[in-house]
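**Q** Need coordinates for the below:
(2 chains, ligands or ions: 2)
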Amino acid sequence: MIELCDVSLVYPNGVQALSHVDLRVGRGDFAFLVGTSGSGKSTLLKLLYRELSPTEGKVFIAGQDITTLPQNAVPFLRRRLGVVFQDFKLLPQKTVWENLAFVLRVTSVPRREMRKRISEALDLVGLMHRCDSFPAELSGGEQQRAAIARALVNNPPILVADEPTGNLDPDTSWGIMQILTRINARGTTILVATHDNQVVDRLMRRVIALDCGKIVRDENRGTYSSTPESESMCKSEITES
Amino acid sequence: MKLRNLEYLIQEAFIGIWRNGIMAVAAVSTVALSLAILGVFLLLVLGSHRFVERQLAGFEVAAFLPREASQEDAEKVRDTIAKLPLTKNVELLSRDKEWAEFKRKMNTKIDLGGVTDNPLPYALHIESKDPRKTAALAQQIREIPGVKRVADAREDYRVVRAVADLVKLLGFAASVVLCLTTVFIISNAIRLTLFARRHEIRIMQLVGATNWFIRIPLVLEGIILGALGAVIAVGLVAVSLEYVAGLVVRMLPPTLRDVSSGVSHTQFIALLVLGGAAIGALGSFISIRRFLKV
Ligand SMILES: Nc1ncnc2c1ncn2[C@@H]1O[C@H](COP(=O)(O)OP(=O)(O)O)[C@@H](O)[C@H]1O
Ligand SMILES: [Mg+2]
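**A** Residues are numbered from 1 along each chain as shown, chains lettered A, B, ... in the order given. Ligands and ions are numbered 1, 2, ... in the order given. Coordinates of the predicted model:
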């Protein structure tokens, strides 16, 4: 479903965020992408929805090489890939319902269908009762659920989430993770970037560990860290400190 | 683009205008002012063009036959002239009609009592195919046997032409400058809309909106601003023509008074509004291209 072949990415400022990454996530899989901050998790996810293109290597989504995708085909790639952003990216002047409707309108979904899909997505994350609230009126966990519902509203076969529990307390984080596993149980392929060791250790799912832009570990039922000593630091972080 | 989206896209355009109200007012008034000036220039250019054309139409070549020439001689000369390649039209004037007209005009000023016999010679009015070659045509007619005198007005023609050309040039230069200014102002107004809605646009891009879906409301916004400005411009032009041009025309000598452009009101309004809309669309496109650069 998701495949990266020898992918490297160098930012214009010369930072090498990813180097020679090979990765395969199969249909219906659930995988964590872990690593310290600055290890390249967000960068890797951005490659999947063509926010970025690799400097080297190829990225495949559902068998399609998206590195050569013409720019006018990118919107259609994004409709097949739900993304939960680190900062939610909910529109503050629209209610939860309107935020979801916005996505469907943008992707030209018929009005009759809209109501059905929004209700489904909100039910799945348990936010139906808050559908008329504005993002500012919601708690962090509720905002995150709204963001997940929005990513789901197009019924994408793949869902990627960047630090979905980044700013949440452990209980709320666990709730979010349960929603994600529920979505995965319906057949959606899920890739979650996180540095939340508690949820990763508790869930015992596939763990792909990034360090300085390289995959250093890939275990089918893994924990956040293999052994504490193996944790290294990126060169850039060493020079910073 | 499906029809059900249209309502939404148009609504978005109006929301955009509403949200940055002050900039919209600034844009509309600038467009109105530029288009009004543009419109006045347009009327001036068209007016002077038509004026020149009309003057030129009067600048046909006139050929006069000797007094003793007969109707038959006159017709022969007319046929010869008609065959010249530069001739567009040749008319043999009726001596009697001319004389009657002359008498009617002059009666009040000169006593023509003594002249009873028609003293006018046969005369021909010749229209040239190319106003620029009137002189050459006159020369050719002069060489036809039986023609006594030929008159043409190329000197006058040259002056009128030069003035008209100058007006056209100035009008064109001013139009270009004004159009560019207007495009710039509108593109700035749209840029503010883009800035105000950058998060929304960003999210639209991320959830899979096509570029057209993002562009259409913005282009519509530009078109609405441009067209609205144009409507106000039409009003401004109407008012200024009514009060200002009226004054100016009264100061001109009578022969120069008829400087109307020959453009109908509907044509003028349609032209200005379409122009405003086009300028608005162009302005939008420029900022969208810069902003989206996808
Ligand atoms: N837009 C950017 N321009 C330049 N460097 C960037 C940019 N985004 C991220 N980086 C750098 O790339 C590396 C990886 O960043 P990122 O993918 O955000 O890591 P993570 O999400 O794991 O914290 C970091 O060193 C970061 O400083
Ligand atoms: Mg990150």
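
**Q** Any idea how many residues pack against the nearest residue to B:Ile144 once chain neighbours are set aside?
**A** Leaving out its chain neighbours, the residue that sits closest to B:Ile144 by C-beta to C-beta, 6 or more residues apart in numbering or on different chains is B:Thr80, at 5.4 Å. C-beta: built from backbone N, CA, C; applies to glycine. Using other C-beta atoms under 10 Å in any protein chain shown, B:Thr80 has 17 neighbouring residues.

**Q** what domains does the record give for chain A?
**A** In terms of domains, chain A is parsed into A:1-80+A:158-227, A:90-155 (source: automatic domain parsing).

**Q** Quick check, central residue of chain B?
**A** B:Leu46 (2.6 Å; C-alpha atoms, centre = their mean).

**Q** Could you dump the domains of chain A into a markdown table and include mean pLDDT?
**A** Shown next, in a markdown table, are these (pLDDT from 0 to 100):
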| stretch | mean pLDDT |
| --- | --- |
| domain A:1-80+A:158-227 | 93 |
| domain A:90-155 | 93 |
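
**Q** among those, which is nearest ligand 1?
**A** domain A:1-80+A:158-227 (3.1 Å; C-beta to the nearest ligand atom).

**Q** Next up, the contacts around A:Leu124.
**A** Each residue near A:Leu124 by C-beta atoms under 8 Å, 6 or more residues apart in numbering or on different chains is listed here: A:Ala149, A:Leu152, A:Ile179, A:Arg182, A:Ile183.

**Q** Could you single out the nearest of those to chain B?
**A** For these, the minimum distance to chain B (C-beta to the nearest C-beta) is 11.6 Å, reached by A:Leu152.

**Q** So the closest one versus A:Ala193, what's the distance?
**A** 18 Å (C-beta to C-beta, to the nearest Å).

**Q** thinking again about what came up before, turn the domains of chain A into TSV, columns for distance to B:Ser34.
**A** TSV is the format used below for the domains of chain A (distance: least, C-beta to C-beta, whole Å):
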stretch	distance to B:Ser34
domain A:1-80+A:158-227	35
domain A:90-155	34
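
**Q** if I pick the closest residue to A:Gly26 other than its chain neighbours, what's in contact with it?
**A** Computed as C-beta to C-beta, 6+ apart, the closest residue to A:Gly26 that is not its neighbour in sequence is A:Met1, at 5.9 Å. Neighbour list for A:Met1: A:Val25, A:Gly26, A:Arg27, A:Gly28, A:Asp29, A:Ile61, A:Ala62, A:Pro157, A:Ile158, A:Thr189 [criterion: C-beta under 8 Å, 6+ apart].

**Q** Recalculate using a threshold of 7 Å.
**A** Contacts for A:Met1 (C-beta atoms under 7 Å, 6 or more residues apart in numbering or on different chains) come out as A:Val25, A:Gly26, A:Arg27, A:Ala62, A:Ile158, A:Thr189.

**Q** Repeat that for B:Ile223.
**A** Contacts of B:Ile223 (C-beta under 7 Å, 6+ apart): B:Ala277, B:Gly280, B:Ala281.

**Q** The last one: how many residues sit nearby?
**A** Read it as B:Ala281. 21.

**Q** Settle this for me: it is touching B:Gly222, isn't it.
**A** Yes: the pair B:Ala281 / B:Gly222 is scored as a contact, 5.4 Å apart, by C-beta atoms under 7 Å.

**Q** Relative to B:Arg50, how far out is the residue nearest to the spatial centre of chain A?
**A** Geometric centre of chain A, nearest residue: A:Ala161, 1.9 Å, by C-alpha atoms, centre = their mean. Distance check for A:Ala161 against B:Arg50: by C-beta to C-beta, it reads 71 Å.

**Q** Could you do A:Ala62 as well?
**A** 67 Å.

**Q** any idea whether the residue of chain B found nearest ligand 1 is helix, strand or coil?
**A** Using C-beta to the nearest ligand atom, the closest approach of chain B to ligand 1 is made by B:Arg202 at 14.4 Å. The three-state label given to B:Arg202 by DSSP: H, G, I helix; E, B strand; the rest coil is helix.

**Q** That one: what's it in contact with?
**A** B:Arg202 neighbours (C-beta under 7 Å, 6+ apart): none.

**Q** 10 Å instead?
**A** Counting by C-beta atoms under 10 Å, 6 or more residues apart in numbering or on different chains, B:Arg202 makes contact with A:Lys89.

**Q** for A:Thr223, same thing?
**A** A:Phe32, A:Val34, A:Asn197, A:Val200, A:Asp201, A:Arg202, A:Leu203, A:Met204, A:Val207.

**Q** Setting the sequence-adjacent residues aside, check what's closest to B:Thr181.
**A** B:Ser34 (5.7 Å).

**Q** For burial, what's the neighbour tally of the one you found?
**A** 25.

**Q** For it, what is the enclosing helix or strand?
**A** Secondary-structure assignment from DSSP states H and E places B:Ser34 in helix B:21-58.

**Q** If you count contacts, what does that helix end up packed against?
**A** Applying 3 or more C-beta pairs under 10 Å, 6 or more residues apart in numbering or on different chains; DSSP states H and E, one finds that helix B:21-58 makes contact with helix B:3-19, strand B:123-128, helix B:154-196, helix B:211-240, helix B:265-292.

**Q** most neighbours per residue, which of the ones you listed?
**A** helix B:211-240 (a mean of 21; mean count of other C-beta atoms under 10 Å in any protein chain shown).

**Q** Run the chain-centre distance for that helix.
**A** From the chain centre to the centre of helix B:211-240 is a distance of 23 Å (C-alpha atoms, centre = their mean, to the nearest Å).

**Q** What of stretch A:81-89?
**A** 7 Å.

**Q** The closest residue in space to A:Met177 that isn't next to it in sequence: how many residues sit nearby?
**A** Nearest residue to A:Met177, sequence neighbours excluded (C-beta to C-beta, 6+ apart): A:Val199, at 4.9 Å. By the criterion of other C-beta under 10 Å, A:Val199 has 22 neighbours.

**Q** And A:Val199, how close does it get to A:Ser39?
**A** Distance from A:Val199 to A:Ser39, counting by C-beta to C-beta: 17 Å.

**Q** what's the answer for A:Ala62, then?
**A** Between A:Ala62 and A:Ser39 the computed distance is 26 Å (C-beta to C-beta).
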